[in-house]
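Chemist: prediction below, plus the sequence it came from.
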Amino acid sequence: MIWVNDIVQGVLLGGLYALFACGLSLMFGVMKVINLAHGDLAVVAAYLAAGLVTVLHMPTALSILVSIPLFAIIGYVLWRTVLQASLNRSVLTTLLVTFGMSIVIENALQQFFSANSRSLSIGALATDHFNVGSQITVGYLDLAILIAAVVVLLGLQLFLSRTRQGRLIRAVADDREAAQLAGADYRHIFGIAAAIAFGTVAVAGTAYGVYTTFDPTTGTTQLLLLFAFEAVVIGGLGSLWGTLVGGILLGVVQDIGAQISTADLLLAGQLFFLLVLVIRPQGITGSRRTA
Amino acid sequence: MSARTRQPASVSAAGLAPGVRVTRSRRSAIWSGLGAIAVIAVLAYLPYRVYSGTTSLLVNFFILLILASMWNLLAGYTGLVSVGQQAFFGFGSYFVLIGALHGVDPFVGLPIAVVGCAALGLVVWWLLSRLRSGYFAIATWVVASVCYLIIIRYPSLGGGTGEFMPGLPNINIKYLDAYIYWTTLAVTAITLVCVYLVLRSRLGLELTAVRDDETGARSVGVRVGRAQLLVFVIAAAGCGAAGALEVISAPYLQPGPAFSVQWSAEMIFAVLIGGIGTIEGPIIGTIVFFALQQWLAHYGTWYFIVLGLIAISVAIWAPRGIWGLISDRLKLFPVGYWLWPAGQRLGPPEAAVAGEDAEQVT
Amino acid sequence: MTGGPLLEVRDLTVHHGQLRALYEVSLSVGVGETYAMIGANGAGKSTLLRAIAGLDRPTSGSITLDGVDVTKLRPERRVASGIVLVPEGRRLFSSLTVAENLKVGASYARKGPWTISRVYELFDWMRDRRGQRADQLSGGEQQAVAIGRALVANPRLLLLDELSLGLAPAVVRRIYGILPELLATGVTVLLVEQDVSQALAVAARVHCLLEGRTTLEGEPAGLTPASIEAAYFGLAGPAGLPQERP
């Protein structure tokens, strides 16, 4: 029974990873760009939420109503200025540029904020939990984050499949030039996709800040980018639901690793990822050739 | 660095008109070589002249220069973007530490660390060789994180908190600093000469072909996998050497800083700013890096933020870097070929094949 | 309308890198006309269409549509002014369904007679299979969807690049069979066709390119097989022309 609880905890942890992964997955799927600054942007979102809570006395959960549109605007502007220009050079340049952004963001955070770690408070919800049977404990917060991940993924899925903009995004992802011939300005469409991806980063960063503590270097020291990417790859590229599966698998494997020894939580996840990469680079659910 | 010339006989096979000559170097290369020897001689004499604060700074400079040259060899010539070279840097340090804990002199541990990191590079390449582009970049980062997670499992190596490295020769600190400085200088010189020789070799030509068009290179018979493997292993060994020098110059070793992605950032920024895909670029970039670091030393990490922003801008808007802006006039360490139309002598060439200068075919 | 030609291309030169693909090509296409470009592989026909659609930037020369200079417009802006290209190799959005492909084509459409349901009437099989992914269609079906995707944008000038590429003769005949219906709605057609007899059969005027230069232009009735052969292959061309006009 104790193993069942471990798996449940892993699934809940996987919700957080999936939430992190969906923005990365969207940008990778549409623009073929891996945003290496993804993790650090999430930390910025956490600091933004902390700022909104302190300055505007907003409840944490409501702060995303401000941070999502703000991040969406940042995403669009960043795409239309820096990122599109680097993609015009080469995919390699996008890697170098987003990696540079990651380091710049992290050092800037260190410059403006103290190295002390912070967290976002949401009151009693943070520690409350309920029991299923005698062995399984489910935290309300963990459950809320998993539900948030499912809602975000469902929303993205519906947006991409049902709306005009979503259709255009998929068309541009398929064939940029053909989309131009249909009258679509791919730079604008890419910008919209980036805006949505950044919006999800705002949600993920806030969720992370509630879930645990963060400091300026959390993006790289806590491997946020790596976990997000691992969820995308394990699940299989180009499938949003695969991303959820990948996040959950990563969470479960980490939780099982933690049973061997607490220090091995991270190692188990990383080794699992490398294993998937070597044995099945197209991911668990994927069938197409990747990498 | 003599100016080798190839005779038309070997060239006509490449489909050039008879009488066209291809040369590897210009006379300037001889002067560059002499200049480099002079610079090394002056640098080697420094410990007799300056305080050890200056030489320690230069040790850090050389360590970054080695890292930058290695990353440049990897990314600039094979198109493999690694953000996980700190794996080899960290293991370079730890190999020396492990040796020292077992009574091996750290200066002897250095070559052992180089060999060890080359072996590690072989294993990592076997793991990652099928990956490209972003997959490769992130996978290298994951490997570095795995290395860190493995090291901290060993309390005998200091676990997560760090360990002091014993075994440095028990001599006057002034002499020790000088020895460390000379060792670092020697390793740096060897590294740069290695890079130069690699790029001048057939391998260098293959690498450039692979970088520019992997499929095309494959189709003309370049053994792409072998070329990339060699470079990856060389880069691993070089970064290992840098890590070994780091622990010798600062003998308290902590796993966090040793395996920090900050090292990747430093080498990437230096290379991008100096000019990726050239031998001179990393040198220029490292000089800019240290100049800015000294200049903005009182403003915390601002120098690093500024460097990052410059590197980003350079990557997008001036991808050939600072050296690219100068190199049209000058080439210190030529590794390419020049085409000389029939009848033209070595000297300032006029409009040659398809440019204002004799065309360099790298 | 100004009464002049709909499309006027003047002295168009296009480079692919160092290579010159088109040398000062000029042509004009009247309203409602069907105009065919012929020539061997690599003659520059597709480059010409891509340049008119805005995908390839000319080094010099100008392109005007109904008296308005469009040379500097980005491709997506040219769609709004009425130039729509059906590209070589169909280039459907492969992960989208047939219906979605058509909807994307209609996203930035001008006002006009063509709607998605009208396209379904034109190709009667299409409505039933509108939910199918584009990459599951046969080559001929994909070509039909590509034409439909262009039509729903309501082009004034429709550029058709190598419609018959890789298709069986019967399928090609069916595809060309819809041309009269397009022309009846006022669309002007500029097409590239490698099959000379096909081009001569459908076009009011043909224009032959050889290595990027114009070698021949005129109405099919006024051209002899010998003059076409000379223009197609150059003066020292080998004997044996593709099937002559029926």
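Modeler: Happy to help now that I have it.
Chemist: what's near enough to touch the closest residue to residue A:214 other than its chain neighbours?
Modeler: Once flanking residues are discounted, residue A:214 sits nearest to residue A:46: 5.0 Å by C-beta to C-beta, 6 or more residues apart in numbering or on different chains. C-beta: built from backbone N, CA, C; applies to glycine. By C-beta atoms under 8 Å, 6 or more residues apart in numbering or on different chains, the residues touching residue A:46 are A:118, A:120, A:205, A:206, A:208, A:209, A:214, A:218.
Chemist: wait, which of these is closest to chain C?
Modeler: residue A:205 (30.3 Å; C-beta to the nearest C-beta).
Chemist: isn't that closest one right up against residue A:40?
Modeler: No. In this structure, residue A:205 is not within contact of residue A:40 by C-beta atoms under 8 Å, at 9.6 Å.
Chemist: for the one residue in chain A that gets nearest to chain C, which three-state class applies?
Modeler: Of all residues in chain A, residue A:183 sits closest to chain C, at 2.9 Å by C-beta to the nearest C-beta. Secondary structure state of residue A:183, per DSSP: H, G, I helix; E, B strand; the rest coil, is coil.
Chemist: quick check: the residue of chain C found nearest chain B vs residue A:24, distance?
Modeler: Per C-beta to the nearest C-beta, residue C:18 is where chain C lies closest to chain B, at 7.0 Å. Remark: distance between residue C:18 and residue A:24 (C-beta to C-beta, to the nearest Å) = 39 Å.
Chemist: equivalent analysis for residue B:308, please.
Modeler: Applying C-beta to C-beta to residue B:308 and residue A:24 gives a distance of 21 Å.
Chemist: look at residue A:2 and report its pLDDT.
Modeler: Residue A:2 is assigned a predicted lDDT (pLDDT) of 70.
Chemist: how near is the closest residue to it other than its chain neighbours to residue A:5?
Modeler: Excluding the flanking residues, the one nearest residue A:2 by C-beta to C-beta, 6+ apart is residue A:135, at 6.1 Å. Computed with C-beta to C-beta, the distance linking residue A:135 and residue A:5 is 5 Å.
Chemist: just residue C:175 next, same as before
Modeler: 63 Å.
Chemist: would you agree residue A:5 is in contact with residue A:138?
Modeler: No. Using C-beta under 8 Å, residue A:5 and residue A:138 do not qualify as a contacting pair, with a distance of 9.3 Å.
Chemist: so which residue is dead centre in chain C?
Modeler: residue C:160 (2.1 Å; C-alpha atoms, centre = their mean).
Chemist: show me the contacts for that one.
Modeler: Contacts of residue C:160 by C-beta under 8 Å, 6+ apart are C:86, C:147, C:189, C:190, C:191, C:192.
Chemist: which one of residue A:135 and residue A:5 has more residues nearby?
Modeler: residue A:5 (18 against 13; other C-beta atoms under 10 Å in any protein chain shown).
Chemist: per-residue confidence for the more buried one?
Modeler: The model's pLDDT for residue A:5 equals 85.
Chemist: nearest residue to residue A:98 other than its sequence neighbours?
Modeler: residue A:36 (4.1 Å).
Chemist: list phi and psi for whichever residue of the stretch 151-300 of chain B sits closest to chain A.
Modeler: Of all residues in the stretch 151-300 of chain B, residue B:265 sits closest to chain A, at 4.2 Å by C-beta to the nearest C-beta. With angles defined as degrees, to the nearest 10, residue B:265 sits at phi -60, psi -40.
Chemist: roughly how far does it sit from residue A:106?
Modeler: 9 Å.
Chemist: the more surrounded of those two?
Modeler: Between residue B:265 and residue A:106, counting by other C-beta under 10 Å, residue A:106 is the more crowded of the two (28 against 24).
Chemist: surely the more buried one meets residue A:222?
Modeler: No. With contact defined as C-beta under 8 Å, residue A:106 and residue A:222 do not form a contacting pair (11.6 Å).
Chemist: need the nearest residue in space to residue 218, chain neighbours excluded.
Modeler: Picking chain A for this. residue A:43 (5.0 Å).
Chemist: you looked at the wrong chain, it should be chain B
Modeler: Using C-beta to C-beta, 6+ apart, the closest residue to residue B:218 is residue B:224 (5.5 Å).
Chemist: most neighbours among the contacts of residue A:46, please name it.
Modeler: residue A:205 (31 neighbours).
Chemist: which helix or strand contains that residue?
Modeler: Assigned by DSSP states H and E, residue A:205 belongs to helix A:186-211.
Chemist: report the distance from whichever helix or strand comes after that helix to the chain centre.
Modeler: Counting by DSSP H and E, the element after helix A:186-211 in chain order, helix or strand, is helix A:218-221. Centroid separation between helix A:218-221 and its chain, computed with C-alpha atoms, centre = their mean, to the nearest Å, is 14 Å.
Chemist: can you tell me which helices and strands the helix or strand following helix A:218-221 packs against?
Modeler: Proceeding N to C from helix A:218-221, the next assigned helix or strand is helix A:224-235, under DSSP H and E. Judged by 3 or more C-beta pairs under 8 Å, 6 or more residues apart in numbering or on different chains; DSSP states H and E, helix A:224-235 is in contact with helix A:2-31, helix A:38-56, helix A:240-260, helix A:264-279, helix B:133-151.
Chemist: which of those helices sits closest to residue A:66?
Modeler: helix A:38-56 (5.7 Å; C-beta to C-beta).
Chemist: could I have the CA atoms of the closest one written out in CSV?
Modeler: Output of helix A:38-56 as CSV, limited to C-alpha atoms (Å, rounded to 0.1, in the frame of the first residue of the first chain):
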residue,chain,number,x,y,z
HIS,A,38,12.0,28.8,-19.7
GLY,A,39,12.9,27.9,-16.2
ASP,A,40,14.2,31.3,-15.3
LEU,A,41,11.2,33.0,-16.7
ALA,A,42,9.1,30.9,-14.4
VAL,A,43,11.2,32.2,-11.5
VAL,A,44,10.5,35.8,-12.7
ALA,A,45,6.8,34.9,-12.7
ALA,A,46,7.1,33.7,-9.1
TYR,A,47,8.8,37.0,-8.1
LEU,A,48,6.2,38.9,-10.0
ALA,A,49,3.4,37.1,-8.1
ALA,A,50,5.2,37.9,-4.8
GLY,A,51,5.4,41.5,-5.8
LEU,A,52,1.7,41.7,-6.7
VAL,A,53,0.8,40.1,-3.4
THR,A,54,2.9,42.5,-1.4
VAL,A,55,2.2,45.7,-3.3
LEU,A,56,-1.4,45.3,-4.4
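Chemist: what's the neighbour count on residue A:138?
Modeler: So residue A:138, with other C-beta under 10 Å, has 17 neighbours.
Chemist: in terms of helices and strands, where is it?
Modeler: strand A:136-139.
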